[in-house]
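Peer 1: got a structure for you, letters missing:
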């Protein structure tokens, strides 16, 4: 996972260098917006590096549940800063439409933006592939950021291509409006995914439940052991970074031995752990209080007969 973070870091350094060079030569608002995104990405890559190292630290006296939520904090910082950048660049774009500046060397901007497309989409594919294996929200956010930058570079590349075509057609006045309009488009592209990223990170900090697929895995495991316990209750789940916590209580048959009850609970717990990555499972148990359907209708408890059958097989 740290390898993916290093790839992100060095890719962002390279992207910042390319875009800074292009900005000096071309004097484009759209490239300035793209450079701002890359500078933020570089800063977030540094934060991501230290946040993942901190998230890997074991729980201690001051943080009994570990440091996993630092990854969600990293997500939220990235989303908030990108929203601020989008608003600032949209203001600059509107001012650029009012007071138009001339673009210099659009071919240089076209080449540099095309390089940005290649680097960003390659980085997004590589980082997201590793992020899915590790289930790290911060790494997933970084992969989404790279993909977002790829679409930004694509829109800027198309705007430079359009600028060159319009200039060659002789529409010099109309060509001057392409750059600020492209910058406004880039700001919109940045804003909505960043707002969604910020919202999701904030909800995770409020102890959001684990994903639906993981919840289904818990239910599947409980269904496999349905004949070993009377009922289950108080299922609670939460996420902290890439860590997934599951807490539940099982009501065990009244006449089962403590040894057998612990064996069943250990099997259920290990089964959940093997089906949900990066999970921490707590299973409590309670004895049957004889307030179930069988007791109320004066019917024999089916679990007692099952236990007797098990004891006969053992002997």
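Peer 2: Yep, that arrived. Quantities reported herein were computed from a predicted structural model and do not represent experimental measurements.

Peer 1: does residue 208 sit in a helix, a strand or a coil?
Peer 2: Here residue 208 is coil, with the state taken from DSSP: H, G, I helix; E, B strand; the rest coil.

Peer 1: is it true that it touches residue 241?
Peer 2: No. The criterion here is Cβ atoms under 8 Å, and residue 208 misses it with residue 241 at 11.8 Å. In short, each C-beta sits where N, CA and C put it, glycine included.

Peer 1: Neighbour count for these two, which is higher?
Peer 2: Set side by side, residue 208 and residue 241 show more neighbours around residue 241, with 26 against 16, by other Cβ atoms under 10 Å.

Peer 1: Excluding sequence neighbours, find me the nearest residue to that one.
Peer 2: With sequence-adjacent residues excluded and distances taken as Cβ to Cβ, 6 or more residues apart in numbering, residue 241 is closest to residue 68, at 3.1 Å.

Peer 1: now the helices for this structure?
Peer 2: Using DSSP state H, the helices of the chain run over residues 2-26, 29-55, 70-98, 106-134, 137-168, 172-175, 178-205, 212-224, 258-275, 293-296, 302-314.

Peer 1: Who are the packing partners of the longest one?
Peer 2: Put plainly, it is helix 137-168. helix 2-26, helix 29-55, helix 70-98, helix 106-134, helix 172-175, helix 178-205 (3 or more Cβ pairs under 8 Å, 6 or more residues apart in numbering; DSSP states H and E).

Peer 1: Deepest in the core, which of the ones you listed is it.
Peer 2: helix 29-55 (a mean of 22; mean count of other Cβ atoms under 10 Å).

Peer 1: If I take that helix and helix 137-168, what angle do their directions form?
Peer 2: If you take axes from the mean of the first three to the mean of the last three Cα atoms, to 10 degrees, helix 29-55 sits at 170 degrees to helix 137-168.

Peer 1: What average pLDDT does helix 29-55 get?
Peer 2: Mean pLDDT, helix 29-55: 79.
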